[in-house]
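> Pasted the sequence and its predicted model underneath.
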Amino acid sequence: QVQLVQSGGGLVQAGGSLRLSCAASGRTFSIDHMGWFRQAPGKERELVAAIAWSGGNLDYAGSVKGRFTISRDDAKNTMYLQMNSLKPEDTAVYYCAADQTGSSWSNGYWGQGTQVTVSS
């Protein structure tokens, strides 16, 4: 089992910044990729950014490219999402997730979710 604990988030004005953290524990050696998803009211959950557990293979949704940065700290087994130039449309519940080799995100592990609200 892998446990993911999120922190960060909150309320910020448009143009501001926030950083989300996701600390992994347990059988972290089984993780293949980690990622950040978000779900806004009335919308489907979407992948925002992903990173290989090894630290390479970064991937971003087009809507956040150039504004968000995903990163990892090996020593702390923690993943981050630095969000800059936030827009009201970034408002959503953000989830971190971890998948395993040969498996899908839906069969992986998920954090508890954290609300990000961007006011105009």
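Nice, I can see it. Residues are numbered from 1 along each chain as shown.
> Going by C-alpha atoms from here, please, whenever you check contacts or count neighbours.
Fine.
> which stretch of helix or strand covers the most centrally placed residue in the chain?
Geometric centre of the chain, nearest residue: residue 36, 2.2 Å, by C-alpha atoms, centre = their mean. In the assignment (DSSP states H and E), residue 36 maps to strand 31-39.
> and the lowest-mean-pLDDT helix or strand in the chain, which strands flank it?
In the chain, the helix or strand scored least confidently by mean pLDDT, DSSP states H and E is strand 59-60, which has a mean of 92. According to DSSP bridges, strand 59-60 forms sheet pairs with strand 46-52 (antiparallel).
> what does the strand it pairs with contact?
Applying C-alpha atoms under 8 Å, 6 or more residues apart in numbering, the external contacts of strand 46-52 come out as 32-39, 57-61, 64, 69-71.
> Return the per-residue confidence for residue 41.
We have a pLDDT of 92 for residue 41.
> cool, and residue 32?
pLDDT for residue 32: 91.
> What of residue 63?
For residue 63, the pLDDT comes out at 96.
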